[in-house]
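[1] Test case, fold it:
(one chain, ligands or ions: 2)
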Amino acid sequence: MLKGLIFDLDGVLTNSAVYHLTAWNNLAKELGINLTDEQLDSLRGISRMDSLNLILKYGGQENKYSEAEKEKFAEEKNTKFVEQVEKMTPADILPGIPELLSDAKKQNLKMVIASASKNAPKILTKLGIMDEFDGIVDPATLHRGKPDPEIYEKAQKLLGLNANEVISFEDAQAGVQSIKSAGQFAVGIGDKEVLKEADYIVPTTKELKLSEIESVFNKK
Ligand code: G6P
Ligand code: MG
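    Residues are numbered from 1 along each chain as shown. Ligands and ions are numbered 1, 2, ... in the order given. So this is what the prediction gives:
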């Protein structure tokens, strides 16, 4: 029986995934690295330092910079990202999400956030939905990023529920893999080829309907 929902943040509740990708793409260009669309998309859900390391690897520059230089690049990217976050308002909540959250409340479902972003509390506050959630996994406590199941396992622990009592929402391939490795029901939002491991896939948040997702969940 469904008792809780777990949400990724960037690209699920709001469009901030685009801000992350734009900021990374600009930094990559400054470093002389031209990322393909596929390479850029593969950064979704990946932690800050892992993203930078992946970009350097794509550019064949994995051994070029010291840790201190890499810290500086990551900081520079984060400054650009936070500039965008500062401009966010409740109007930046993606379509379909307010209805989904209110349907969940009506059913007394518990809800937590499983985002790798250290900016998650700031973003949720800007969107005005911080109080909707019963908890946020602290990314500083994670040993391994998505696609490892750790973050979704921790989120499930925060809910105090079993894997077969939760539905988890993701826009990233690494995120869907993390959910499935944690043994949970995955809803993928985006390209159905990229997110094919998910149990239920919609192209955008507009198509999310809790009752429909739940009926598929109940048949599993
Ligand atoms: C999320 C986003 C990633 C981002 C990561 C770390 O998982 O999907 O694109 O790199 O969080 O975010 P942060 O705000 O801590 O740099
Ligand atoms: Mg995401």
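
[2] if you go through the chain in chain order, where are the strands?
    4-7, 110-113, 135-136, 166-170, 185-189, 200-202 (DSSP state E).

[3] Which one, of those, ends up nearest to Trp24?
    strand 166-170 (18.7 Å; C-beta to C-beta). (Each C-beta comes from the backbone N, C-alpha and C, glycine too.)

[4] Can you list the strands that that closest one pairs with?
    Sheet pairing of strand 166-170 (DSSP bridges) gives strand 4-7 (parallel), strand 185-189 (parallel).

[5] who touches the shortest one?
    Outside strand 4-7, the residues within contact range by C-beta atoms under 8 Å, 6 or more residues apart in numbering are 13, 104, 109-115, 133, 152, 155-156, 159, 161, 165-169, 179, 184.

[6] of the residues you listed, buried ones?
    The neighbour-count criterion (16 or more other C-beta atoms under 10 Å) marks 13, 104, 109-115, 133, 152, 155-156, 159, 161, 165-169, 179, 184 among those as buried.

[7] residues contacting the residue of the chain most remote from its centre?
    Going by C-alpha atoms, centre = their mean, the residue of the chain most distant from its centre is Lys64, 29.1 Å out. Lys64 makes contact with Leu56, according to C-beta under 8 Å, 6+ apart.

[8] change it to 10 Å
    Leu31, Leu56, Lys70 (C-beta atoms under 10 Å, 6 or more residues apart in numbering).

[9] between the residues you listed, which is closest to ligand 1?
    Nearest to ligand 1 among the contacts of Lys64 is Lys70, at 13.3 Å by C-beta to the nearest ligand atom.

[10] what's the burial count for that closest one?
    15 (other C-beta atoms under 10 Å).

[11] Tell me if I'm right that Tyr58 and Asp41 touch.
    No: using C-beta atoms under 10 Å, Tyr58 makes no contact with Asp41, being 12.0 Å away.

[12] between these two, what contacts are shared?
    Contacts common to Tyr58 and Asp41, judged by C-beta under 10 Å, 6+ apart, are Leu35.

[13] What parts of the chain come near ligand 2?
    Within the chain, the residues that sit near ligand 2 (C-beta under 5 Å from the ion) are Asp8, Asp10, Gly11, Gly45, Asp171, Ala172.

[14] got a list of what the nearest residue to Pro203 once chain neighbours are set aside touches?
    Distances taken as C-beta to C-beta, 6 or more residues apart in numbering put Gly190 closest to Pro203, at 7.0 Å, once the chain neighbours are dropped. Neighbouring residues of Gly190 by C-beta under 10 Å, 6+ apart: 11-12, 17, 41, 44, 170-173, 176, 198, 201-205.

[15] picking that back up, in JSON lines: the strands of the chain, plus mean pLDDT.
    Below are these laid out as JSON lines (pLDDT from 0 to 100):
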{"stretch": "strand 4-7", "mean pLDDT": "98"}
{"stretch": "strand 110-113", "mean pLDDT": "98"}
{"stretch": "strand 135-136", "mean pLDDT": "98"}
{"stretch": "strand 166-170", "mean pLDDT": "98"}
{"stretch": "strand 185-189", "mean pLDDT": "98"}
{"stretch": "strand 200-202", "mean pLDDT": "98"}
